[in-house]
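> Curious how this folds, go ahead:
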Amino acid sequence: MTDVDVVIHFASMYGLEVHSYNYTKYKENPHYKQIHTTRTGRRDLIFKIVSDFYPYLGERRREKCDEFLAWYQEKQHETSD
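Below is the predicted model:
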């Protein structure tokens, strides 16, 4: 995303770090904006984020989230056995 304030706010809600990048294309075209990202590999945090955003998503995005939620539930049962 190019709106750093939005990425910082989102990252602060979940205790994540913000990373900023200047890609090669950014240097080639001065109209390109700097890109800001955040990421995590923690399944429990991804589950929380998906659960928080789920009510606001459209049908197509919900279908993708449903795939993750089914996978996550399966993984939870595997680790508890």
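> Please identify which helix or strand holds residue 44.
According to DSSP states H and E, residue 44 maps onto helix 43-53.
> Can you name every helix or strand that that helix contacts?
Secondary-structure packing of helix 43-53 (3 or more Cβ pairs under 8 Å, 6 or more residues apart in numbering; DSSP states H and E): helix 4-14, helix 59-80. In this view, the C-beta of every residue, glycine as well, is placed from N, C-alpha and C.
> and the angle from it to helix 59-80?
Here the directions of helix 43-53 and helix 59-80 differ by 150 degrees (axes from the mean of the first three to the mean of the last three Cα atoms, to 10 degrees).
> the inter-axis angle of helix 43-53 versus helix 4-14?
Using the same axes, to 10 degrees: helix 43-53 against helix 4-14 is 120 degrees.
> which stretches of this protein aren't confidently modelled?
23-27, 81 (pLDDT under 70).
> which residue is nearest the middle of it?
In the chain, the residue lying closest to the centroid (Cα atoms, centre = their mean) is residue 39, at 6.0 Å.
> Surely that residue is in contact with residue 11?
No: Residue 39 is beyond contact range of residue 11, at 9.5 Å (criterion: Cβ atoms under 8 Å).
> okay, now the domains of this protein?
Per automatic domain parsing, the domain ranges recorded for the chain read 1-39, 41-81.
> Tell me how far the residue nearest to residue 11 when sequence neighbours are not counted lies from residue 63.
Excluding the flanking residues, the one nearest residue 11 by Cβ to Cβ, 6 or more residues apart in numbering is residue 38, at 4.3 Å. Separation of residue 38 from residue 63 (Cβ to Cβ, to the nearest Å): 24 Å.
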